[in-house]
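Asker: Could you work out the structure for the sequence below:
(one chain, ligands or ions: 1)
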Amino acid sequence: MNSVSSDTSCGARFSVPDSLGFYGPYGGMFVPETLMTALFEFERVFKEAMADPAFLAEYHDLLKDYCGRPTPLYFAEHLTEHCGGAKIYLKREDLLHTGAHKITNALGQVLLAKRMGKTRVIAETGAGQHGVATAAAAARFGLKCVIYMGRVDMRRQALNVFRMNLFGAEVRPVDSGQQTLKDAVNEAMRDWVTNVRDTHYVVGSALGTHPFPLVVRTFQSVIGKELRGQILEKEGRLPDEMAACVGGGSNCIGFFHEFLDEPSVRLVGVEAGGRGIAEGQHAARFAGGRLGVFQGTLSYVLQNADGQINLTHSVSAGLDYASVGPEHAYYRDKGRIEYGYATDDEVIEALKVLCRVEGILPALESTHAIAYALKRAPQMAKDRILVVNVSGRGDKDVHTVMEALGVKPEDLVEKI
Ligand SMILES: *Cc1c(COP(=O)(O)O)cnc(C)c1O
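Answerer: Coordinates of the predicted model:
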C-alpha cells in the first residue's frame, strides 16, 4: 500500500506522458542533442528499477529508516475549530529528514545514479532545500556532489550552504543573470553536458526535460499512496478535497496522483500570488503565464511580450520560479486539478494561525495551501474532509517571517 510501484503511467483515464515525454501538448525534451542518449538511458534504467523488487526494497527501507516515512496524517482539531467547517487533516511531510518532501526524490535519484554507475551527482537549488536533500543522499552513498546556487541565493541562505558543506558537498556560486535559481539551472545543465559520462543531474521538482517530470512524480507519489491508507483507516472514506502548494509541482502531483482517478475528490493546487498578479510581482504561472519553452520543457511560463522571462516574486523562495511542471498544465486543461493562489500577506497570516492553534510551524511554501484551507474550510459542511499537504517545516523561514512582521532580534531581547 505505502509503496512506489512499477505503475509509472497514470491509470486508465489518463495515460501520460507519451514515449517522448509529452503530456498532451506540454512537456517534451527541449535539450541539447548531446544529452539525448543520457536521458533515454536514464529513462530505461528508471523503468527497470521500478520493476526490480531489490531496488524497491532498498528504496523503501531507506524511506522508512533514513527519511522517516510514512509521514503521519494528523487531524488538526484546533485548526478545524478555528475555521468552523470541514474537518482539516494535515499530511506531515514537514517531519521528514532534512525538513521537506524533497528527500524522497533526491534519495530515489541518487539510488538510480548508483545503478547507472555514476560517481558524481549535481543539482541546483534556490532556497537550498533541494541542495541539502541531494547533499545528504550523496553523503549517504559516498557520491561526489556539486550544488549550483545563485550568489544572491547563497547570501540569503548561508545556513543551508553550510549544511551542504557539512554533508561534504561543494556549493558553486553562480554569478550570471539575476544570480538566482534559473541561472543556477543553466549552470547545472552546462556541467551535465560536459560531464554526463560520470555525472547524474538530480532534478528537484516535476519539471524540466522528460523523463524528469515522470521520475520525480513517481517517487513523490508515495505521499498520496500513504494518504489513501491513512484516511481510510481514520475516516473509512476518501477526502472530499485536497490542497497543496505548487512550485515546480512535485509535492502537489505526488500528493494528488493516487487520486486522479477518483472523481469525488476535488484537487486544488495553490501557487504563489506574491504581492498580487502584476508583472514581476508573483509566481502564479497559471494566473499570469503563457505557453513557452523554458529549461527543457513546454509549459506555462511567466514572460513578457517579447518572450523574455519575467522576474518573479514570492515570500517563499521554493515557489519562486517562472515555470511549472508540464503535468500540471495538462490536468488543468482537463479540469481535473484546479489552481488558485495565495498572496504573501495571506501566507504570513496563515502561518501565524497554524503556529498559534496547532503549534506547527510550516514552511512558507506549504503555508500557501494552509492559507487556501483557511478560506475554503468554512465554506464546507462539518462532515466534509479537507486534507492539506504540509510539504515542509518552517524553521528555515524564521528570519523571513521576522522581517515580514517587522520584528528585530534586538526588540526580542529587550522584552526579556
Ligand atoms: C521546494 C519546496 C516546495 C516547492 O517544490 P514543489 O516541487 O512544487 O513541491 C514546496 N514546499 C517545500 C517545503 C519545498 O522545500
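
Asker: is stretch 198-210 anywhere near the ligand?
Answerer: Yes. Using Cβ under 6 Å from any ligand atom, stretch 198-210 reaches the ligand at residue 205. C-betas here are computed from N, CA, C, even on glycine.

Asker: What parts of the stretch 301-416 of the chain come near the ligand?
Answerer: So the stretch 301-416 of the chain meets the ligand at 318-319, 363, 365-366, 391-392 (Cβ under 6 Å from any ligand atom).

Asker: a markdown table please, covering these and showing neighbour count, pLDDT and secondary structure.
Answerer: Formatted as a markdown table, those follow (neighbours: other Cβ atoms under 10 Å; pLDDT from 0 to 100; DSSP: H, G, I helix; E, B strand; the rest coil):
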| residue | neighbour count | pLDDT | secondary structure |
| --- | --- | --- | --- |
| 318 | 32 | 92 | helix |
| 319 | 31 | 94 | helix |
| 363 | 28 | 97 | coil |
| 365 | 32 | 97 | helix |
| 366 | 35 | 98 | helix |
| 391 | 33 | 98 | coil |
| 392 | 29 | 98 | strand |
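
Asker: between those, which is closest to residue 86?
Answerer: For those, the minimum distance to residue 86 (Cβ to Cβ) is 18.3 Å, reached by residue 366.

Asker: Max pairwise distance over the residues of the stretch 301-416 of the chain next to the ligand: which two?
Answerer: 319 and 392 (11.3 Å).

Asker: list residues touching both of those two?
Answerer: The contact sets of residue 319 and residue 392 overlap at residue 365 (Cβ atoms under 8 Å, 6 or more residues apart in numbering).

Asker: so what's the residue of the stretch 251-400 of the chain found nearest the ligand closest to, chain neighbours aside?
Answerer: Nearest residue of the stretch 251-400 of the chain to the ligand (Cβ to the nearest ligand atom) works out as residue 392 at 2.4 Å. Among residues not flanking residue 392 along the chain, residue 100 sits closest, at 3.0 Å (Cβ to Cβ, 6 or more residues apart in numbering).

Asker: neighbours around the one you found, how many?
Answerer: Residue 100 has 26 neighbours, counted by other Cβ atoms under 10 Å.

Asker: Next, give phi and psi for it.
Answerer: Dihedral angles of residue 100 (phi, psi; degrees, to the nearest 10) stand at phi -160, psi 180.

Asker: what do you get for residue 262?
Answerer: Note on residue 262: backbone dihedrals following degrees, to the nearest 10 are phi -110, psi 90.

Asker: What is the neighbour count of the nearest residue to it once chain neighbours are set aside?
Answerer: Distance criterion Cβ to Cβ, 6+ apart; nearest residue to residue 262, sequence neighbours excluded, is residue 238 at 5.9 Å. Look at residue 238: counted by other Cβ under 10 Å, it has 17 neighbours.

Asker: which residues touch residue 238?
Answerer: Neighbours of residue 238 in contact, by Cβ under 8 Å, 6+ apart: 228, 231-232, 259, 262, 264-265.

Asker: one more time with 7 Å, if that's ok
Answerer: Taking Cβ atoms under 7 Å, 6 or more residues apart in numbering as the criterion, residue 238 is in contact with 231, 262, 264-265.
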